[in-house]
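**Student:** how would this look folded up:
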Amino acid sequence: MATAGGNSRLQQQLEEKISAFRGVQKEAQSCFERRQKYSQQLNESEMVLKELELLDDEANVYKLVGPALIKQDLVEAKSNVSKRVEYIQNEMYVTRSGTSGPEDSKLSTVLTRKNASAFIHCRKRIESNVKGIESKQSQMQEEILGLQQQLKSAQ
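**Tutor:** Predicted coordinates:
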C-alpha cells in the first residue's frame with residue numbers, strides 16, 4: 001500500500017497534467033475558431049472576386065460604408081478584394097502555423113491568387129501542425145489516465 005505522501009504527489013502530478021491538458025485544449029479550440037473565421041472570409045471574398053470578374057468594364061460597383069452605398073471604380077474594387085484575399089490567406093497561414101516573423105513578409109508575396117500551389121503547400125504544413133496539437137492532446141490524455149489509475153490503485 002502506498003503512503004499518504006505518495007498519494008499527495010500523484011494527486012499533484014494529476015492536477016498539473018489536467019491543467020496543462022486544458023491549456024492545450026484551449027489553444028486547439030482557439031486555433032480552430034480562427035481558422036473557421038478566416039476560411040469563411042476567404043470563401044466570401046473569393047466569391048465577390050469571381051462576381052467582379054464577370055462584370056463589364058463600365059459596370060457600376062458600390063461599396064457599403066456604414067449605412068451608405070459609395071460608388072467605387074471596378075478596377076479599384078477588384079484590387080481591394082484581391083488584396084483582401086491575399087491578406088486572409090496570409091493570416092490563415094500565420095494562425096494555423098503559429099509563426100510570425102521575417103518569413104511572413106516573404107510569404108505574403110508568395111501567397112497570391114496566381115500561386116495556388118504555394119497556398120496548398122502551406123495548407124498541408126498547417127494541417128500537420130493541427131495534427132501535432134491533436135497528438136499532444138492524445139498523449140496528455142494517456143498520461144492523465146495513467147496517473148488516475150496509479151492514484152486509484154494506491155488508495
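**Student:** Roughly how far does residue 91 sit from residue 85?
**Tutor:** 11 Å (CB to CB, to the nearest Å). No exception for glycine: its C-beta is placed from N, CA and C like everyone else's.
**Student:** isn't residue 7 right up against residue 154?
**Tutor:** Yes - between residue 7 and residue 154 there is a contact under CB atoms under 8 Å: 5.3 Å.
**Student:** how far does the helix or strand where residue 139 lies sit from the chain's center?
**Tutor:** Following DSSP states H and E, the helix or strand that holds residue 139 is helix 116-154. Its chain's average C-alpha position is 16 Å from that of helix 116-154, according to CA atoms, centre = their mean, to the nearest Å.
**Student:** pLDDT (mean, whole number) over that helix?
**Tutor:** Averaged across helix 116-154, the pLDDT comes to 75.
**Student:** Please apply the same query to stretch 20-27.
**Tutor:** Confidence for stretch 20-27, expressed as mean pLDDT, is 82.
**Student:** now stretch 54-66
**Tutor:** Computed over stretch 54-66, the mean pLDDT rounds to 90.
**Student:** try stretch 76-90
**Tutor:** Across stretch 76-90, pLDDT averages out at 88.
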